[in-house]
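Engineer: sharing a sequence plus its predicted fold:
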Amino acid sequence: MPLVPSYIKKLNSYKPGKPISEVERELGLKEVIKLASNENPLGPSPKAKKAIQDCLIDIHRYPDASGHALREKLAKMFNIKISNVVLGSGSEGIMSTIMRTFLLNDDEIISSSNSFIGFKVLANASGRKIHWVPMKDHRYDLLRLVDHINDYTKIIYIANPDNPMGTYVTKEEFDAFYKHVPERVLIILDEAYFEYANHSEDYPDSMTYRYDNVITLRSFSKAYGLGGVRIGYGFAHSDLISNLMKVKVPFEPSSLAQAAAFSALDDKDFLSKSLLLNRDGFEFLTKQFQKLKVKYIDSVTNFITTRWDSTEQAILITQRLLEHGIIVRHLASFGWPNYVRISIGLKEENQKLINCMNKIL
Ligand SMILES: Cc1ncc(COP(=O)(O)O)c(C=O)c1O
């Protein structure tokens, strides 16, 4: 097809984890647990759910294209100006807008190989030259990222914490890295798991120091349980934000998403329940993994990535768990063929996972 640029032809479409309904149908199972996509096992914030219901009567109207109410609320919450806040259909929506806003012909991108696959998809689709720098000990190797900066570098992407490894860059590491980055280079700090990671003392909450060439991205998909409505937000210098606002899809995010996110921010109860459940789940699962001699990467997120001795073993454990009605994520397509990512679930889901692993192993 001559219409399609060669760099697009080369791409493969993103394959998400299997949905529950598909596994139930294929394997004839009644009860399937999904621990594959780092979703909030408690479901959505009840306040957000109510806001969506209240909003239904108005869905024949277009949303507020500027997202004023939610941006104002976020600005107040983080003590910044509304002109420093942008919204998008998920933080991935904002990443896509960033690519379309700032990348010119010869511009180049630097990131870590085998980090967040959503960014990889967008970066590859941009058709620009990308330097994928290997991780070191399952972590971003920031100083090696610096080695790839040249006159063409435009964007450096850092998922902090990283998905699928769950590890994070410390404040000290980020500060040392930042000194080497020219001001003309935009750093995307993807903090989709910020709420979970923020309890780690040396985690660099990027809101506490604002640099003109850093854009912070956050999400309502994880701790607020709103992955399905697609809403995220970004903070940056007002010059960057005003240009992103020119390029973003005008009516993104939807009115339901804006209303849900607005109310989710008031749902402090739900947020603390979610974080507590996650912390307990992490403690339980890691203790059990140690007992079962399952190797795992220490994580500050809502998932734990396990490490197997071979690709065959990783495939086998994924398959056997599926047969028991538990969906986990084998990370071959992420570039980690010996690894399986497991989202932290409800107490009883975690227990069932461990019971099944016990049987299988
Ligand atoms: C590192 C990272 N960034 C961004 C996202 C996507 O967030 P959103 O749903 O807000 O687009 C995810 C989702 O898994 C993620 O792991």
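Structural biologist: The structure has been received and is ready for your questions.
Engineer: use CA for all of it now, contacts and neighbours both
Structural biologist: Fine.
Engineer: go ahead and flag the most central residue of the chain.
Structural biologist: In the chain, the centroid-proximal residue (CA atoms, centre = their mean) is residue 192; its distance is 4.5 Å.
Engineer: that one: what secondary structure?
Structural biologist: Under DSSP: H, G, I helix; E, B strand; the rest coil, the three-state class of residue 192 is coil.
Engineer: who touches it in this structure?
Structural biologist: 91, 159, 160, 161, 217, 218, 219, 221, 222 (CA atoms under 8 Å, 6 or more residues apart in numbering).
Engineer: find the nearest non-adjacent residue to the fourth one, please.
Structural biologist: Setting aside the residues directly before and after it, residue 161 is nearest to residue 168 in space (CA to CA, 6 or more residues apart in numbering), at 4.3 Å.
Engineer: in contact with residue 142, which residues?
Structural biologist: 173, 174, 177.
Engineer: one more time with 7 Å
Structural biologist: The contact partners of residue 142, taken as CA atoms under 7 Å, 6 or more residues apart in numbering, are residue 177.
Engineer: centre of the chain to the strand or helix carrying residue 48, how far?
Structural biologist: Residue 48 belongs to helix 46-55 when assigned by DSSP states H and E. Distance of helix 46-55 from the chain centroid (CA atoms, centre = their mean, to the nearest Å) equals 24 Å.
Engineer: let's see that helix as PDB, backbone CA atoms only.
Structural biologist: Output of helix 46-55 as PDB, limited to C-alpha atoms (Å, rounded to 0.1, in the frame of the first residue of the first chain):
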ATOM      1  CA  PRO A  46     -17.600   5.400  44.200                       C
ATOM      2  CA  LYS A  47     -17.600   9.200  44.000                       C
ATOM      3  CA  ALA A  48     -16.400   9.000  40.400                       C
ATOM      4  CA  LYS A  49     -19.100   6.500  39.600                       C
ATOM      5  CA  LYS A  50     -21.800   8.700  41.000                       C
ATOM      6  CA  ALA A  51     -20.400  11.700  39.000                       C
ATOM      7  CA  ILE A  52     -20.600   9.700  35.800                       C
ATOM      8  CA  GLN A  53     -24.300   8.800  36.600                       C
ATOM      9  CA  ASP A  54     -25.100  12.400  37.300                       C
ATOM     10  CA  CYS A  55     -23.500  13.500  34.100                       C
END
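Engineer: now do the buried residues in that helix.
Structural biologist: 46, 47, 48, 49, 51, 52, 55 (16 or more other CA atoms under 10 Å).
Engineer: test my guess that the fifth one contacts residue 260.
Structural biologist: Yes - the pair residue 51 / residue 260 is scored as a contact, 5.5 Å apart, by CA atoms under 7 Å.
Engineer: just give the nearest non-adjacent residue to residue 146, would you?
Structural biologist: Among residues not flanking residue 146 along the chain, residue 180 sits closest, at 6.6 Å (CA to CA, 6+ apart).
Engineer: again, but for residue 340
Structural biologist: According to CA to CA, 6+ apart, the nearest residue to residue 340 is residue 330 (4.4 Å).
Engineer: repeat for residue 219
Structural biologist: Closest to residue 219 by CA to CA, 6+ apart is residue 232, at 4.2 Å.
Engineer: give the bridge partners for the one you found, please.
Structural biologist: residue 88, residue 219 (DSSP bridges).
Engineer: count the neighbours of the residue in the stretch 251-361 of the chain that the ligand sits nearest to for me.
Structural biologist: The minimum distance from the stretch 251-361 of the chain to the ligand, using CA to the nearest ligand atom, falls at residue 301 (9.4 Å). Neighbourhood size, residue 301 [other CA atoms under 10 Å]: 31.
Engineer: who's in contact with it?
Structural biologist: With CA under 7 Å, 6+ apart, residue 301 has these contacts: 166, 193, 196, 197.
Engineer: so what touches the helix holding residue 48?
Structural biologist: Contacts of helix 46-55 from elsewhere in the structure, counted by CA under 7 Å, 6+ apart, are 256, 259, 260, 261, 263, 264, 267.
Engineer: contacting residues around the first one?
Structural biologist: Taking CA under 7 Å, 6+ apart as the definition of contact, the neighbours of residue 256 are 52, 55.
Engineer: same deal with the fourth one?
Structural biologist: With CA under 7 Å, 6+ apart as the criterion, the residues that contact residue 261 are 48, 220.
Engineer: secondary structure element for it?
Structural biologist: Counting by DSSP H and E, residue 261 is found in helix 255-264.
Engineer: just the mean pLDDT for that helix, thanks.
Structural biologist: In this model, helix 255-264 has a mean pLDDT of 98.
Engineer: the inter-axis angle of that helix versus helix 46-55?
Structural biologist: Between helix 255-264 and helix 46-55, the angle comes out at 140 degrees (axes from the mean of the first three to the mean of the last three CA atoms, to 10 degrees).
Engineer: in the helix or strand just after helix 255-264, which residues are buried?
Structural biologist: Moving toward the C-terminus from helix 255-264, the next helix or strand (DSSP H and E) is helix 268-292. Neighbour counts using 16+ other CA under 10 Å place 270-271, 274-275, 277-279, 281-282, 284-286, 288-289 of helix 268-292 among the buried residues.
Engineer: could you dump the residues you listed into a markdown table with distance to residue 326 and pLDDT added?
Structural biologist: Shown next, in a markdown table, are the buried residues of helix 268-292 (distance: CA to CA, whole Å; pLDDT from 0 to 100):
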| residue | distance to residue 326 | pLDDT |
| --- | --- | --- |
| 270 | 25 | 98 |
| 271 | 25 | 98 |
| 274 | 21 | 98 |
| 275 | 22 | 98 |
| 277 | 19 | 98 |
| 278 | 18 | 98 |
| 279 | 21 | 98 |
| 281 | 16 | 98 |
| 282 | 17 | 98 |
| 284 | 17 | 98 |
| 285 | 15 | 98 |
| 286 | 18 | 98 |
| 288 | 17 | 98 |
| 289 | 16 | 98 |
